[in-house]
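Visitor: Sequence and predicted model, in that order:
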Amino acid sequence: CDLGFFSTCSQETVTMDPSIQKHFTVVDYVIFAVLLAASMGIGLYYALSGGRQRTTQEFLMADRSMRCLPVSLSLIASFQSAVAIIGVPAEIYTHGTQYWFIGCAYVLGLLIPAHVFIPVLYRLRLSSAYQYLELRFSKAVRICGTLTFIFQMVIYMGVCVYTPAFALNAVTGFELWGAVLATGLVCTVYTTMGGLKAVIWTDVFQTIVMFAGQLAVIVVGVHQTGGVSEVWRKVWEGNRISALDLNPDPTERHTFWTLAVGGVFLMLSLYGVNQAQVQRYLSARTEKEAVRSCYMVFPSLQLALALSCVMGLVMFARSIFLYIYPQMVIYFVMDMLQGLPGLPGLFVACLFSAALSTISSAFNSLATVTMEDLIKPHFPAMSEARATLLSKVLAMSYGLVCLAMAYLTHLMGDSVLQVALKIFGMVGGPILGLFCLGMFFPWANSVGAVTGLGTGLSVSFWIGIGSIISHSSGTKPLPPDCSSSFLSGNTTTVTQLSALSNVTLSHSSGLKSFYSLSYMWYSAFNCFTVIVIGLIISFLTGPMKEQDVTPGTIYPLLGTLFGFLPARLKKKLCCVTPLGQTVFVISDN
Ligand SMILES: CC(C)(CO)[C@@H](O)C(=O)NCCC(=O)O
Ligand code: NA
């Protein structure tokens, strides 16, 4: 099977021994440098063109002039980081393709943002998603929402910048802090110079690099394994193709229900109400363009999922690992691509593209909420020039906070990947609940919202921290599908398997089983806690009347769902006013 270029072609399954270090060539470092330079170049271009980033409208909202294609690619890039690129193939290698069913959640997980959240938020002409909370409830609710979001994103971005640097360092000796500093600083500079336009257009470029890197690994891997049919035979015989698991047990980590139903709520918390995404919808030139960009996320996100799942399958067909560990994806890639000049560098570029595009979204969205929700309301007379300068200082400061968070991530050790993703579900779910409470239930009042959010966060941290503590103590059984002969030795490495892992204790009772709720249910569970507590407290303290609620802040969900009821009962029970077409111009000044 000699095809010239692929000189290392062999059809043997390769045994991987991670004690042998892989090496980078100069070419690989050059490709990494080119990625950083190209991103800087895009930042510089948007600093010097258009309105030269002299207004907050341009710096934070891209002049509300974006078209759907860049917006959609940017939407994918925000939450597709190296955590997923490294985590998903490791998950598929170990547990089979069950995780792939999360693709089912993308249907409702994108249709609902497109037809429920975007119409409400876009027509209010907001700058920050949390401005909605003040219009619907009160200033206090807005500030609680903003602070919760800041907490979530600050932890997340530390993990995002640390993960690829750490994984590469473990396998190849790639300079750990050099890579963290280079990505963090370069990203800070282009985000501060070029504003949201630079963030969105670098996202486009970086998403393409990300897809290219994954595709290259798959093509070479399939070829070296001996073709598609050979890969299929090996993964089929190795039981990696999972049947639909319809087990209703909510403590089972990945089943059709946890992934396809729980996943919808995860998607809603990310694509429906997260500032990073809402800001992109708001930057679109029309509402239609925003809805269209949300639709266009669907095929691209399915492609991203398919690429990382197929990469896991190819890894399984191609290699036998002596033990399972988070960095094995990098090891597999580096081993396979050796002798193919430039390709290891392309994969490195893929990992750092994923990271850069996520932290740049974080910097810009954090600067936006800090400016719009925390600073501007207190300084209504601030000049535009001063506000823009301050926004730039904020974007830069969050860049430096990101480096500090990377160091904190380092101190907590590598299992922090799991911890951080859980915190993501733990904090994103309650924020989603807060928005749902406001949008779908006209009776909810401000006291109910704050109490609901507080309770939701407390319960979610109780479960989240409880699960972390109860899993990190005691012995952990191997998952049943993991007991094949090729997994020898150290079982603790299994629990560190991937960022997405949450190996549950199968026979536990009481609090333990409460703690072992699948992490895929976190968003849904925490969202419902906020809604239920919020409604109970609202009814106890005097529910709001529909006519007292700011027009345009309620989506007539209940009116639509209970459309079969007689009109009088409907009017009494639920919101029936259709969402208006009116544009409310909101100003903090
Ligand atoms: C948003 C999903 C679930 C979509 O598959 C995925 O991109 C994800 O788990 N993202 C978070 C992990 C990361 O940072 O890559
Ligand atoms: Na990304």
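Guide: Great, that's in hand. Ligands and ions are numbered 1, 2, ... in the order given.
Visitor: going forward, measure contacts and count neighbours with C-alpha atoms only.
Guide: Will do.
Visitor: Ligand 2 contacts on the stretch 251-400 of the chain?
Guide: Selection of the stretch 251-400 of the chain residues close to ligand 2 by C-alpha under 5 Å from the ion yields 354, 357-358.
Visitor: go with 6 Å
Guide: By C-alpha under 6 Å from the ion, the residues of the stretch 251-400 of the chain that approach ligand 2 are 354-355, 357-358.
Visitor: And the furthest pair within the residues you listed?
Guide: Greatest spacing in these, by C-alpha to C-alpha: Ala354 and Thr358 (6.5 Å).
Visitor: for the record, mean pLDDT for the one helix or strand Leu346 maps to?
Guide: Counting by DSSP states H and E, the element that carries Leu346 is helix 343-369. Here helix 343-369 scores 95 as its mean pLDDT.
Visitor: so how far is the very next helix or strand once past it off the chain centroid?
Guide: Heading C-terminal from helix 343-369, the first helix or strand you meet, by DSSP H and E, is helix 384-412. Counting by C-alpha atoms, centre = their mean, to the nearest Å, helix 384-412 is centred 19 Å from the centre of its parent chain.
Visitor: Quick one: list the elements packing against helix 384-412.
Guide: helix 56-61, helix 139-172, helix 176-225, helix 343-369 (3 or more C-alpha pairs under 8 Å, 6 or more residues apart in numbering; DSSP states H and E).
Visitor: Need the distance between the two termini of stretch 250-264.
Guide: 15 Å (C-alpha to C-alpha, to the nearest Å).
Visitor: Other residues contacting that stretch?
Guide: 98-99, 101-106, 108-109, 244-248, 502-504, 506, 513, 516-524 (C-alpha atoms under 8 Å, 6 or more residues apart in numbering).
Visitor: What is the least confident helix or strand in the protein?
Guide: Within the chain, no helix or strand scores below helix 492-495, which has a mean of 35 by mean pLDDT, DSSP states H and E.
Visitor: Toward the C-terminus, what is the element adjacent to it?
Guide: Per DSSP H and E, helix 492-495 leads on to helix 511-515 as the next helix or strand towards the C-terminus.
Visitor: Can you name the next helix or strand after that next one?
Guide: helix 522-541.
Visitor: Let me have the helices and strands packed on helix 384-412 in a markdown table, extended by mean neighbour count.
Guide: Shown next, in a markdown table, are the helices and strands packed on helix 384-412 (neighbours: other C-alpha atoms under 10 Å):
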| stretch | mean neighbour count |
| --- | --- |
| helix 56-61 | 25 |
| helix 139-172 | 22 |
| helix 176-225 | 23 |
| helix 343-369 | 28 |
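Visitor: The helix holding Leu346 and ligand 1, any residue contact?
Guide: No - using C-alpha under 6 Å from any ligand atom, helix 343-369 stays clear of ligand 1, with a minimum separation of 7.6 Å.
Visitor: between that helix and helix 384-412, how big is the angle?
Guide: 130 degrees (axes from the mean of the first three to the mean of the last three C-alpha atoms, to 10 degrees).
Visitor: Now do helix 343-369: distance to the chain's middle.
Guide: 12 Å.
Visitor: could you check the angle helix 176-225 makes with that helix?
Guide: 130 degrees.
Visitor: what's the residue sitting nearest the centre point of the chain sitting at in phi/psi?
Guide: Closest to where the C-alpha atoms of the chain average out (C-alpha atoms, centre = their mean) is Phe79, at 3.0 Å. Main-chain dihedrals, Phe79, degrees, to the nearest 10: phi -120, psi 20.
Visitor: tell me the contacts of it?
Guide: Contacts of Phe79 (C-alpha under 8 Å, 6+ apart): 270, 358.
Visitor: 10 Å instead, please
Guide: Contacts here follow C-alpha atoms under 10 Å, 6 or more residues apart in numbering; on that basis Phe79 touches 156, 160, 270-271, 276-277, 354-355, 357-359, 361-362.
Visitor: now it: how far from ligand 1?
Guide: Separation of Phe79 from ligand 1 (C-alpha to the nearest ligand atom, to the nearest Å): 5 Å.
Visitor: Asn247 - that's part of a strand, no?
Guide: No - going by DSSP: H, G, I helix; E, B strand; the rest coil, the assignment for Asn247 is coil, not a strand.
Visitor: how close does the closest residue to it other than its chain neighbours sit to His23?
Guide: Closest residue to Asn247 apart from its sequence neighbours, by C-alpha to C-alpha, 6 or more residues apart in numbering: Thr255 at 6.5 Å. Per C-alpha to C-alpha, Thr255 is found 39 Å from His23.
Visitor: and what of Arg64?
Guide: Note on Arg64: its distance to His23, by C-alpha to C-alpha, is 45 Å.
Visitor: Pick out whichever of those two has more residues nearby.
Guide: Arg64 (19 against 15; other C-alpha atoms under 10 Å).
Visitor: which residues does the nearest residue to that one once chain neighbours are set aside contact?
Guide: In space, and not counting its chain neighbours, Arg64 is closest to Ser283: 4.0 Å by C-alpha to C-alpha, 6+ apart. Ser283 makes contact with 57-58, 60-68, 71, 122, 127, 196-197, 200, 277, 289-290, according to C-alpha under 10 Å, 6+ apart.
Visitor: quick one on the thing from earlier: same list, the helices and strands packed on helix 384-412, but as CSV with distance to Phe562 please.
Guide: Shown next, in CSV, are the helices and strands packed on helix 384-412 (distance: least, C-alpha to C-alpha, whole Å):
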stretch, distance to Phe562
helix 56-61, 37
helix 139-172, 29
helix 176-225, 40
helix 343-369, 36
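Visitor: if we compare the ones you listed, which one ends up closest to Glu546?
Guide: helix 139-172 (18.8 Å).
Visitor: what's the angle from that closest one to helix 176-225?
Guide: 70 degrees.
Visitor: Is there proximity between helix 139-172 and ligand 2?
Guide: No - judged by C-alpha under 6 Å from the ion, helix 139-172 stays clear of ligand 2, getting no closer than 8.5 Å.
Visitor: Let me see the mean pLDDT of that helix.
Guide: The model assigns helix 139-172 a mean pLDDT of 93.
Visitor: now stretch 222-237
Guide: 95.
Visitor: Buried residues of that stretch, list them for me.
Guide: 222-226, 230-232, 234-235 (16 or more other C-alpha atoms under 10 Å).
Visitor: Ile241: neighbour count?
Guide: Neighbours around Ile241, by other C-alpha under 10 Å: 16.
Visitor: and it, what does it touch?
Guide: Contacts of Ile241 (C-alpha under 10 Å, 6+ apart): 92, 95-98, 232, 235, 313.
Visitor: What distance do you get for it to Leu322?
Guide: Taking C-alpha to C-alpha, one finds Ile241 at 22 Å from Leu322.
Visitor: Also Val189?
Guide: Following C-alpha to C-alpha, the distance that separates Val189 from Leu322 is 42 Å.
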